[in-house]
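Colleague: Okay, here's the prediction I keep looking at, along with the sequence it came from:
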Amino acid sequence: MQLVVDGMKMQPCDPTFIESRDAILLADELTYNGANYCLIWETFARRGLGLLATDGGNEDFSKPLNCPATYRVEKTGPSDAHAGSLVGYELTIINGRAATIADAFVTDFLPANTEFQGTTSSCVVDLTGNELQIALGEMASGAVASCAYSLLTLDTPYTYSVFEDRIANSQKWTSESPLTNDRWQISLGNTHTGQLALRARNVASLTDQYLTLKDPVLLNGTQPGLLFWHNFRTEGNVDGGVIEISTDNGTTWEYITSDRFIENGYQGLLSLSDNPLAGLEAFSGISQGWIRTLVDLTPYAGQEVKIRFRFGTNSSGARDGWYLDDISLLGDLVTIANRACTHDDELLCSAVTTVIWEPEVVATNEPSASGDWQVYPNPTFQFLHIAPVANSARQAATATLYTLDGKIALNRQLAPSQETEWDISNLPNGVYLLKIQGGSGVYTERVVKM
């Protein structure tokens, strides 16, 4: 409190939040020789007043490189990649300590189903088993080093969707609120992609807001999951949201516990209050922008499920709320978690989780022949051509285009011995399954609409 008072004496009249922050930092430097420097930066950065924040509401959540005052590694890499492709990573190694490190090194761990590509490395890497060791030698206080390299992923396994909603409307969901009229609604502007998202408002009254998937979805893989993007600003550790799942069409609901999260799980424990979710871990506080959350649903493999996003507030303290966008249920969720750690007693680690999707489709205008039929171009922007090639295909057949959650997008009879041109420009972009029945049997092929 004394630092705040001292800072107020140093700040100009009618100060901005940035000027108030800087005055408190200066007061700490003059009074305590900067002993609370990193704590002050951490406090302000958590609230959007980080190193690069500017006046006028432009938030930033970063801190100076020497905060915290530790020897650490910060790892970056892609959030998504194709099976069978190269995945690039970059390590930034920082000595935030006051003293020089005589023999600095970092240990990186090779994920399963990947191969290290030594020729891509920008530094000397020693590979032993599944460990990559990067030796840096002497590293002075404040020094920063970097290393980049790539891993090759295998062709299989990979992630695929059985349900997707990019939030073009709210038709796939029901919104309920048993306590008040406050409920989930379509929101314009604050989105991850597109123009619309779904939002639960954080009001200063008691609410319990449900956003429930209308129709059950079959999790037909062996390691299913949930992927969604969200952005929240709630009364920290008081108001927040959780995820629930049902295997009996919504008769009963099970709370998704924190151990099921692969990436960006619950961020706070809701304190005891009149909030219906009090005492539960939840998404609460500030998400610092749009973040992706991954949930492991392996215990529900082979079952039809409904998902429910539930947001609860107590009777005081309003904030912005919880926004959802780009929600997917996955038949299989395949990720690689790449983790690097510094050494000695601190052992500070940084990890990147990458979702591995199906192998990249190479665009071509040449027919792709398989079985009795040729289908091209694939991917396509508008027209899909289906042509018979074998004698057994020169008779009437039926072509059906399915979404990945098993719903029929288009259906058409194919004339005998004739090439068919199919206009699919009105379909949303994505991956579909084409099934042709006729001739000698059934022919299937994945089709990408761009």
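Modeller: The structure has been received and is ready for your questions. Numbering: from 1, shown residues only.
Colleague: which stretches of this protein form helices?
Modeller: Applying DSSP state H to the chain gives helices spanning 2-10, 17-32, 37-45.
Colleague: pLDDT on the longest one, on average?
Modeller: This points to helix 17-32. Helix 17-32 shows an average pLDDT of 80 in the prediction.
Colleague: and it with helix 2-10, angle?
Modeller: 120 degrees (axes from the mean of the first three to the mean of the last three CA atoms, to 10 degrees).
Colleague: Report the buried residues of helix 17-32.
Modeller: 20-28 (16 or more other CB atoms under 10 Å). C-betas here are computed from N, CA, C, even on glycine.
Colleague: For Asn231, state which of those is nearest.
Modeller: Nearest to Asn231 among those: Arg21, at 23.6 Å, using CB to CB.
Colleague: Tell me if I'm right that the closest one and Leu49 touch.
Modeller: Yes - between Arg21 and Leu49 there is a contact under CB atoms under 8 Å: 5.4 Å.
Colleague: For Lys435, give me the pLDDT.
Modeller: For Lys435, pLDDT reads 83.
Colleague: what sits against it?
Modeller: 399-402, 442-444 (CB atoms under 8 Å, 6 or more residues apart in numbering).
Colleague: Same question for Phe61.
Modeller: Neighbours of Phe61 in contact, by CB under 8 Å, 6+ apart: 45-46, 48, 50, 288-289.
Colleague: Check Asp182 too.
Modeller: Taking CB under 8 Å, 6+ apart as the test, what Asp182 contacts is 200-201, 203, 205, 207, 209.
Colleague: again, but for Thr342
Modeller: 71-73, 93, 104, 106, 348-349.
Colleague: May I ask which two of the residues you listed are separated the most?
Modeller: Ala104 and Cys349 (15.3 Å).
Colleague: Quickly note the distance from Lys9 to Trp41.
Modeller: Note on Lys9: its distance to Trp41, by CB to CB, to the nearest Å, is 21 Å.
Colleague: Compare those two (neighbour count), which wins?
Modeller: Trp41 (21 against 8; other CB atoms under 10 Å).
Colleague: can I assume the more buried one is in contact with Asn66?
Modeller: No - using CB under 8 Å, Trp41 is not in contact with Asn66; the gap is 9.5 Å.
Colleague: count of neighbours near Ser425?
Modeller: 10.
Colleague: Skip the chain neighbours and tell me the closest residue to it.
Modeller: Gln382 (4.2 Å; CB to CB, 6 or more residues apart in numbering).
Colleague: just Glu304 next, same as before
Modeller: Pro216 (3.9 Å).
Colleague: before we move on, back to that, for Glu421, state which of the contacts of Asp182 is nearest.
Modeller: Using CB to CB, the contacts of Asp182 come closest to Glu421 at Ala200, 45.5 Å.
Colleague: just to revisit the earlier point, in JSON lines, list the contacts of Lys435 along with neighbour count.
Modeller: Formatted as JSON lines, the contacts of Lys435 follow (neighbours: other CB atoms under 10 Å):
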{"residue": "Ala399", "neighbour count": "21"}
{"residue": "Thr400", "neighbour count": "16"}
{"residue": "Leu401", "neighbour count": "19"}
{"residue": "Tyr402", "neighbour count": "17"}
{"residue": "Val442", "neighbour count": "12"}
{"residue": "Tyr443", "neighbour count": "21"}
{"residue": "Thr444", "neighbour count": "15"}
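Colleague: Out of those, which one has the lowest pLDDT?
Modeller: Lowest confidence among these: Val442, with 72.
Colleague: Can you give me the separation between that one and Leu86?
Modeller: Taken as CB to CB, the span from Val442 to Leu86 is 35 Å.
Colleague: before we move on, what about Asn58?
Modeller: 35 Å.
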